[in-house]
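In: Can you look at this prediction? I've put the sequence above it.
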Amino acid sequence: MKVAIAEPHGMCTGVARALEIAHRTLDEHPGETLWCFHELVHNEHVVAELQQRGAVFVYEIEAIPHGARVLFSAHGISPAVREAALARNLDVVDATCPFVAKVHAEAKRYAADFFNIALIGHKGHDEVVGILGEAPTQITVIETADDVKALQQSTSERRLMVLSQTTISEAMYEARVADLKAAGFEVEEPKALDICYATRERQQAVRTLAQHVDCVLVLGSRNSSNSKRLVEVAEREGCRAHLIAAPDEIDALDLQGVQSLGLTSGASTPEALLEALCQRLEATV
Ligand code: SF4
């Protein structure tokens with residue numbers, strides 16, 4: 001079986017930066033608990049490594065003792081969480097990715113100019129929840145065509161600013177913008193779109209790869225938005241694709257008849273995991 005790896009793949013600068021901040025903070029305060037608000041990045045291997053070093057992951061800011069040190073994840077947080085941290089006198093270390101911070105800044109700025117903002121993204125994702133908090137009465141999360149219909153029925157204002165989650169597929173973004181225009185909205189977009197460079201480059205690379213192989217394996221966690229999008233992009237090219245969270249998950253896959261296999265990994269997947277997957281493939285197929 002021939003194996004090809006998508007380029008680029010794997011860890012992006014935003015995740016590498018968040019990890020560097022986390023490890024530096026742990027180095028500078030040995031023996032002290034580092035309270036992490038939500039998963040630093042969506043990868044269970046990264047989370048487990050930080051837990052071994054003394055990081056504790058919590059999902060409520062009230063779970064953190066007054067005056068302790070908190071790390072905000074690469075996905076960003078809402079202003080309400082930041083205020084709650086201030087009220088608890090927490091020592092804040094912020095690992096929000098600069099590309100996510102850009103969308104927060106836009107949400108704040110455009111909320112002053114636009115009555116409505118459409119945030120194209122996946123409901124409930126940490127990043128979307130944080131951005132929504134910048135202007136909750138003006139931002140509507142648009143995930144499906146039905147969300148566009150609901151927005152159309154709920155407002156008479158036609159001017160609309162469109163922002164997006166950084167890790168959605170370009171196809172989803174284009175489809176929802178087309179739906180909004182078809183629903184009669186006068187759509188405006190930021191000069192530089194919000195889908196980040198890492199997401200776009202990895203999607204383009206897997207799109208090309210999927211055209212030349214029988215099957216694509218994406219190595220990434222099941223709650224990683226960008227990893228799930230890589231599977232969808234490969235499938236859209238008519239290629240069989242699977243998301244696996246760890247190298248040993250290939251044992252459960254039926255790769256009979258696959259003569260060429262494409263590999264890629266999500267933006268929060270450590271390179272060592274992909275190397276381990278390659279070694280396992282060499283040993284088993
Ligand atoms: S995927 Fe993009 S937005 Fe998310 S951490 Fe990486 S660079 Fe930042």
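Out: It's in.
In: from here on, contacts and neighbour counts on C-alpha atoms
Out: OK.
In: The ligand contacts on the stretch 1-150 of the chain?
Out: Within reach of the ligand by Cα under 6 Å from any ligand atom, the stretch 1-150 of the chain has these residues: C12, T13, G14, V15, A74, C97, F99, V100.
In: redo that, cut-off 5 Å
Out: C12, G14, V15, C97, F99 (Cα under 5 Å from any ligand atom).
In: repeat for the stretch 151-285 of the chain
Out: So the stretch 151-285 of the chain meets the ligand at C196 (Cα under 5 Å from any ligand atom).
In: quick one: low-confidence parts of the stretch 151-285 of the chain?
Out: Along the stretch 151-285 of the chain, the parts satisfying pLDDT under 70 run over 285.
In: Let me see the ranges of the strands in it.
Out: 159-164, 186-188, 215-219, 240-244, 260-265 (DSSP state E, counting those that start in this stretch).
In: same deal with the stretch 1-150 of the chain?
Out: Using DSSP E, counting those that start in this stretch, strands in the stretch 1-150 of the chain cover 2-5, 34-37, 55-58, 69-72, 91-94, 116-120, 139-142.
In: tell me the contacts of A55?
Out: With contact set as Cα atoms under 8 Å, 6 or more residues apart in numbering, A55 has these partners: T33, L34, W35, C36.
In: quick one: the third one and L71 touch, right?
Out: Yes. At 6.1 Å, W35 and L71 qualify as touching, with contact defined as Cα atoms under 8 Å.
In: circling back: need the strands of the stretch 1-150 of the chain in CSV (columns: mean pLDDT).
Out: Converted to CSV, those look like this (pLDDT from 0 to 100):
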stretch, mean pLDDT
strand 2-5, 96
strand 34-37, 97
strand 55-58, 96
strand 69-72, 98
strand 91-94, 98
strand 116-120, 98
strand 139-142, 98
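In: Tally up the residues packed near D248, please.
Out: 13 (other Cα atoms under 10 Å).
In: phi, psi of A267?
Out: The phi/psi pair for A267 (degrees, to the nearest 10) reads phi -70, psi -10.
In: and it, what does it touch?
Out: Here A267 is in contact with H9, G10, M11, C12, V15, A198, T199, N226, S227 (Cα under 8 Å, 6+ apart).
In: Go through the residues you listed and say which is closest to H212.
Out: Nearest to H212 among these: H9, at 16.6 Å, using Cα to Cα.
In: For that closest one, what are phi and psi?
Out: Main-chain torsions, H9, degrees, to the nearest 10: phi -150, psi 170.
In: So G238 versus E157, what's the distance?
Out: Relative to E157, G238 is positioned 40 Å away (Cα to Cα, to the nearest Å).
In: Closest residue of the protein to the ligand?
Out: Residue of the chain nearest the ligand, by Cα to the nearest ligand atom: G14 (3.7 Å).
In: Pull the number of nearby residues for that residue.
Out: G14: 22 neighbours (other Cα under 10 Å).
In: Kindly provide the distance from the residue of the chain most remote from its centre to A267.
Out: Here the centre of the chain is the reference, and by Cα atoms, centre = their mean the most remote residue is G257, at 32.9 Å. Counting by Cα to Cα, the gap from G257 to A267 is 29 Å.
In: what's the answer for G184, then?
Out: G184 is 36 Å from A267, by Cα to Cα.
In: now swap in L281 and tell me
Out: For L281, the distance to A267 (Cα to Cα) stands at 21 Å.
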